[in-house]
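Student: sharing a model prediction with you, sequence too.
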Amino acid sequence: MIPHNRPTIGLEEQKAAIRVLESGNLSNGTEVSSFEKEFAKYMNLGGDEAVAVSNGTSALFLSLWALNSNSKKIVFPSYVCSALRHAVGMVNGTEIIIDNSKNSPNINQNKMKNVSHDVEIIPHMYGIPSKIIQNEKISVIEDCCQALGAKVDNNLVGLQADIGIFSFFATKIMTSGGHGGMIISKNKEMIEKIRDYREYDGRKDKKIRFNFQMTEIQAAIGREQLKKLPTFLNRREKIFQKYKKSGLDLLDVNPEENESIKPIRYRAILKTSEQKSIIEKLEMKGIKAIIPLEDWELLGEKDSNPNSLEFCRNTVSIPIYPSLTDEEVELIIKTIIE
């Protein structure tokens, strides 16, 4: 069976995990701080502007908390992972759900202007980034969980807004061993506020904190994955272009945005009204494909989010990851086209 997704883990990650185990420093070593510095430098920051956390949802909650979002009006898209709703609920935020654009899986930023709100969460769906139009009076979180390495105006995503968040879940662009996340910001005061809140142990004051720490083993694996990230992105791009050259109609950047938007290929989303037949045809050949987001998963009402509903009913996600072989890619293409 060719799975829909498969993490790319090698001997380097295994050695990194063993290194931590043999050190005996499972929770108080140097791996986490080293990973934070290396990630910040990858983002072209100085080195102190990143905080590693337990997962992407924790990163989102901590960002909302740091922006003082409690009980505020928070805008986020209907067509997105449910983690956003959970994080907003954790800060008692008032949900304002917006449809995506007609030809894009991303939130319609023009529609956001028509509603009163305090905070925006703007995800870059499937590795296709949005150019963020920020109002100085509104706090913005850039959700880059599916877009690590993508660029807007030749700058890496994550720095267009007040805070950028990333996920290292097993199926993401890179992983830190199943779970993990990162928060970045140019605002060092905000980063230190989050870093302070992330762990409560050994503190002499009475401030309320919680444990959102990344483990040393996760960080060690993440460091090795970060070294391989350029290779991962290149391989995904090559597979994506093979699919496109074969004639598959894949979701991509709008032509008018080609100059300023550089996506990464987190997902290969086939545009089709024949979801069921394509998924079944691939299944018969031992290939797993999925509907990337089904209509019951929409965070808003179907009637109020027609563009989101259209995407739910007319897309199929086919395999795309670095360890997918050329032979497997050819089989996927042949099976769909036949």
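Tutor: Sure, I can see it.
Student: which SS state does the residue nearest the centre of the chain fall under?
Tutor: Among the residues of the chain, the one closest to the centroid is residue 145, at 1.4 Å (CA atoms, centre = their mean). Assigned by DSSP: H, G, I helix; E, B strand; the rest coil, the conformation of residue 145 is coil.
Student: am I right that it is in contact with residue 57?
Tutor: No. Between residue 145 and residue 57 there is no contact under CB atoms under 8 Å: 9.3 Å. All C-beta atoms are positioned from the backbone trio N, CA, C, and that covers glycine.
Student: what touches both of those two?
Tutor: residue 181 (CB atoms under 8 Å, 6 or more residues apart in numbering).
Student: give the burial count for the closest residue to the residue nearest to the centre of the chain other than its chain neighbours, as a bare number.
Tutor: Nearest residue to residue 145, sequence neighbours excluded (CB to CB, 6 or more residues apart in numbering): residue 167, at 3.8 Å. Residue 167 is flanked by 29 other residues according to other CB atoms under 10 Å.
Student: and residue 101, how far is that from residue 289?
Tutor: Distance of residue 101 to residue 289, given as CB to CB, to the nearest Å: 25 Å.
Student: who has more neighbours, these two?
Tutor: Counted by other CB under 10 Å, residue 101 and residue 289 do not tie: residue 289 has more neighbours, with 23 against 18.
Student: OK, contacts around the more buried one?
Tutor: Residue 289 makes contact with 4, 270, 278, 279, 282, 283, 316, 317, 318, 319, according to CB under 8 Å, 6+ apart.
Student: and the last one, how close does it get to residue 267?
Tutor: Remark: distance between residue 319 and residue 267 (CB to CB) = 10 Å.
Student: spatially nearest residue to residue 158 (excluding sequence neighbours)?
Tutor: The spatial neighbour of residue 158 that comes closest, neighbours along the chain excluded (CB to CB, 6+ apart), is residue 164 at 3.0 Å.
Student: after the helix or strand where that neighbour lies, next one along is what?
Tutor: Assessed by DSSP states H and E, residue 164 sits inside strand 163-167. Next in sequence after strand 163-167, counting helices and strands by DSSP H and E, comes strand 181-184.
Student: may I have that next one as PDB, with CA atoms only?
Tutor: The C-alpha trace of strand 181-184 is given here as PDB (Å, rounded to 0.1, in the frame of the first residue of the first chain):
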ATOM      1  CA  GLY A 181       5.500  23.100  17.500                       C
ATOM      2  CA  MET A 182       7.300  26.400  17.200                       C
ATOM      3  CA  ILE A 183       6.400  30.000  17.800                       C
ATOM      4  CA  ILE A 184       8.300  32.900  16.300                       C
END
